[in-house]
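attaching a predicted model along with its sequence, questions to come.
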Amino acid sequence: SSSPIVFGDRVYVTFGAAGTACLDAETGKTVWERRDIPVKYYDVGPASSPVLCRDTLILTCDGQADDQRFVMALDSHTGRTLWRTDRKFPGDVIPKKTHSSSVPLVINVAGKDQLVSPGGLGVRAYDLESGKELWCARYGGWSVVPRPVFAGGLVFICSGTVQPTLLAIRPEGAAGDITDTPAVVWKTSKNVPAMPSPLLVNDRLYTLTASTLSGLKPATGEVL
């Protein structure tokens, strides 16, 4: 299930279709709430946690194929919608499976904030201010759980529990569909975690599967 955010004197919680709210951290009093964001989820429910970046609260709503999939930004002080962007698929054909629950990551690229948001069959980056989709790299998996990590100019994405692939993407200069472009610096399907997020420490990229702990060179993917 989604984890709450505590920041200053505010607590932010989301329960998917049941509602999203901001509470006073001292008293528990409701500051604002939204109950008008209905999304039909897979049987595991709405597991993506919200993300707070300055005054913007981000919700990731990757519901079932017969419902809705979108990323949404709210004003953290009022709950007002700032923007909402639907997930796009090639030819506007919705895949049979789309549900995902990855927590997105805000990164700064050339002085501009991007929201890197893995979902079903692709990771997409959005302009944090406007919600405009900046780039997309497609893969075969859905039910994406691991969170992105970012360092050294590369963002690392795991593609989900169905067809686990690890991609290293250079977001600077990336635009449009970058799936088969040099913006995808390297990728591998060996020992890719389906659930745990990768970890970047001291120029080492660590991944954990049910059976294997791996250490890789972030720049090349070489297994150390």
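Received the coordinates, thanks.

residues near Y41, how many?
18 (other CB atoms under 10 Å). Just so you know, the C-beta spots here come from the backbone N, C-alpha and C atoms, and that holds for glycine as well.

which residue, other than its chain neighbours, is closest to it?
Residue nearest to Y41 in three dimensions, not counting chain neighbours: G63, with 5.4 Å by CB to CB, 6 or more residues apart in numbering.

quick one: pLDDT of that neighbour?
Per-residue pLDDT puts G63 at 87.

and Q68, by the same measure?
87.

pretty sure T85 contacts Q68?
No - T85 is beyond contact range of Q68, at 11.7 Å (criterion: CB atoms under 8 Å).

which strand residues bridge I157?
Beta bridges link I157 to L167, judged by DSSP bridges.

wait, it sits on P171?
No - assessed by CB under 8 Å, I157 is found out of contact with P171, at 10.7 Å.

any idea how far V71 lies from L57?
12 Å (CB to CB, to the nearest Å).

swap in L74?
L74 is 5 Å from L57, where distance means CB to CB.

G221 now?
Distance, G221 to L57, using CB to CB: 34 Å.

which SSE is the residue lying farthest from the centre of the chain in?
For the chain, the residue at maximal distance from the C-alpha centroid (CA atoms, centre = their mean) is T27, at 31.1 Å. Taking DSSP states H and E as the definition, one finds T27 inside no helix or strand.

can you report phi and psi for it?
The phi/psi pair for T27 (degrees, to the nearest 10) reads phi -110, psi -20.

go on, A18?
phi -70, psi -20.

distance of it relative to Q68?
For A18, the distance to Q68 equals 15 Å [CB to CB].

kindly report the same for V109.
28 Å.

same question for L52.
Counting by CB to CB, the gap from L52 to Q68 is 23 Å.

element containing L82, please.
Using DSSP H and E, L82 falls in strand 81-86.

how distant is that strand from the center of its chain?
How far strand 81-86 lies from its chain's middle: 15 Å, per CA atoms, centre = their mean, to the nearest Å.

with stretch 98-118 instead?
The answer for stretch 98-118 is 5 Å, by CA atoms, centre = their mean.

so for it, mean pLDDT?
Mean per-residue pLDDT for stretch 98-118: 95.

show me what contacts the residue nearest to Y41?
With contact taken as CB atoms under 8 Å, 6 or more residues apart in numbering, G63 is in contact with 39-42, 69, 98-99.

how does it look with 6 Å?
Contacts for G63 (CB atoms under 6 Å, 6 or more residues apart in numbering) come out as 39-41, 69.

any idea how far it is from P38?
9 Å.

and if you look at L59?
Taken as CB to CB, the span from L59 to P38 is 12 Å.

neighbour count: the two, which is higher?
L59 (25 against 12).

that one: what secondary structure?
Under DSSP: H, G, I helix; E, B strand; the rest coil, L59 falls in the strand class.

which residue packs closest to it, ignoring adjacent ones?
M72 (4.6 Å).

go on, P218?
Nearest residue to P218, sequence neighbours excluded (CB to CB, 6+ apart): L205, at 4.6 Å.

got the phi/psi numbers for that neighbour?
Main-chain dihedrals, L205, degrees, to the nearest 10: phi -110, psi 120.

what's around it, how many residues?
23.

please report how far it lies from I107.
From L205 over to I107 the distance is 16 Å, taken as CB to CB.
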